[in-house]
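*Asks:* Below: sequence and its predicted model.
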Amino acid sequence: MSFPLPLRTHFRDASPLVYGCMALGGDWGGGPLTEADIAQAHAAIEAALSIGVTLFDHADIYRRGKAEAVFGELLKRDAGLRARLRLQSKCGIRFGDDTAPGRFDFSADHIERSVDGILQRLGVEHIEILLLHRPDPLMQPAEVARAFGRLKAAGKVGHLGVSNMHAGQMRWLQSALPEPLVANQLEMSLAKLDFIDAGTTFNDPQAATRPGAMAWAGTLEYAQQHGVQLQAWGSLSQGRFNDPATSAAAQVVHEIAETHATTANAVLLAWLLRHPAGIQPVIGSGNAERIRACGDAVKIQLSREAWYRLYVAARGQALP
């Protein structure tokens, strides 16, 4: 099966799947890592590598830094692991504290300090990709560009991308950058259909019943036109379709899974892979067995009719 690829060859991966590391590192508290945390992370990472995944996605807030820390421990224990993968992390979300509420921060100082923390926890000198996690209303593109320029010149970061940004925000940030944004990570799944509904309900009364879709206007098109790699977080729909008895849509997922002799999760990923935008689903499970089962997604070639059958069943409403 062939997959649409982004225009920039430097961002191509051996697999169209990404492993998201948010489930690694134990609980969200401040306690130390345990050997059980390390063992679970090791099993998950090896499972992802076994199905061809090469890009591993982090964020500085995941498990309050423990997801990166446990990954760093494994990199320290296995000297050859770093050469087998690429690292991506995100910054820009700050938890509430005594001085301020939870907020987003794209100031140069915060971006640069965040990257230093990411590198320290991972135990590496460089990450291939840095994503800005959530749009900061106070963002100044020129300030972001200066911070990224310093990080790149220091050899700390290879490329810059974003997460949860629409086309206008990408365009505004790109206006100040000397090189192209390489990725945008967004919530896209069979349970989160705004990215598709934005096109199918345009100029139709159904748009009024699907207001979330309108925020997407032009985002997929911008990414495809400018070679921005789309990554889908939440791609497994938070387990919404695991039980065929729960909904008509879940029943369709399982029927198609049976047709292809595979799992429901593999069908959910294959549905995203079928889109011509070349979407990379991010697998967020911490269960090694489930991760390995996701590898089937690349073997499934959904017909146009099967793709639409899943879409219409999940949206619960006939197309306009």
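*Replies:* Nice, I can see it.

*Asks:* and the end-to-end length of stretch 67-85?
*Replies:* End-to-end distance for stretch 67-85: 16 Å, by Cα to Cα, to the nearest Å.

*Asks:* ranges for the strands of the chain?
*Replies:* Taking DSSP state E as the criterion, the chain contains strands spanning 18-20, 55-57, 86-91, 93-94, 103-104, 127-132, 157-163, 183-187, 229-233, 280-283.

*Asks:* In JSON lines, list these along with mean neighbour count and distance to G30.
*Replies:* C-beta here means a position set from N, CA and C on the backbone, and glycine is covered the same way. Shown next, in JSON lines, are the strands of the chain (neighbours: other Cβ atoms under 10 Å; distance: least, Cβ to Cβ, whole Å):
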{"stretch": "strand 18-20", "mean neighbour count": "27", "distance to G30": "22"}
{"stretch": "strand 55-57", "mean neighbour count": "26", "distance to G30": "23"}
{"stretch": "strand 86-91", "mean neighbour count": "24", "distance to G30": "19"}
{"stretch": "strand 93-94", "mean neighbour count": "18", "distance to G30": "16"}
{"stretch": "strand 103-104", "mean neighbour count": "16", "distance to G30": "20"}
{"stretch": "strand 127-132", "mean neighbour count": "24", "distance to G30": "24"}
{"stretch": "strand 157-163", "mean neighbour count": "22", "distance to G30": "25"}
{"stretch": "strand 183-187", "mean neighbour count": "23", "distance to G30": "26"}
{"stretch": "strand 229-233", "mean neighbour count": "24", "distance to G30": "25"}
{"stretch": "strand 280-283", "mean neighbour count": "26", "distance to G30": "26"}
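
*Asks:* could those strands go into CSV alongside mean pLDDT?
*Replies:* Output for the strands of the chain, formatted as CSV (pLDDT from 0 to 100):
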stretch, mean pLDDT
strand 18-20, 98
strand 55-57, 98
strand 86-91, 98
strand 93-94, 96
strand 103-104, 98
strand 127-132, 98
strand 157-163, 98
strand 183-187, 98
strand 229-233, 98
strand 280-283, 98
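
*Asks:* Now tabulate those strands in a markdown table and tack on distance to D27.
*Replies:* Shown next, in a markdown table, are the strands of the chain (distance: least, Cβ to Cβ, whole Å):
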| stretch | distance to D27 |
| --- | --- |
| strand 18-20 | 18 |
| strand 55-57 | 20 |
| strand 86-91 | 20 |
| strand 93-94 | 19 |
| strand 103-104 | 24 |
| strand 127-132 | 24 |
| strand 157-163 | 24 |
| strand 183-187 | 24 |
| strand 229-233 | 21 |
| strand 280-283 | 21 |
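
*Asks:* Tell me which of the ones you listed sits nearest to T219.
*Replies:* Nearest of those to T219, taken as Cβ to Cβ: strand 183-187 at 7.6 Å.

*Asks:* Adjacent strands (with direction) for the closest one?
*Replies:* When sheet partners are counted by DSSP bridges, strand 183-187 sits next to strand 157-163 (parallel), strand 229-233 (parallel).

*Asks:* a markdown table for those strands, including distance to Y222?
*Replies:* What follows is these, written out as a markdown table (distance: least, Cβ to Cβ, whole Å):
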| stretch | distance to Y222 |
| --- | --- |
| strand 157-163 | 12 |
| strand 229-233 | 10 |
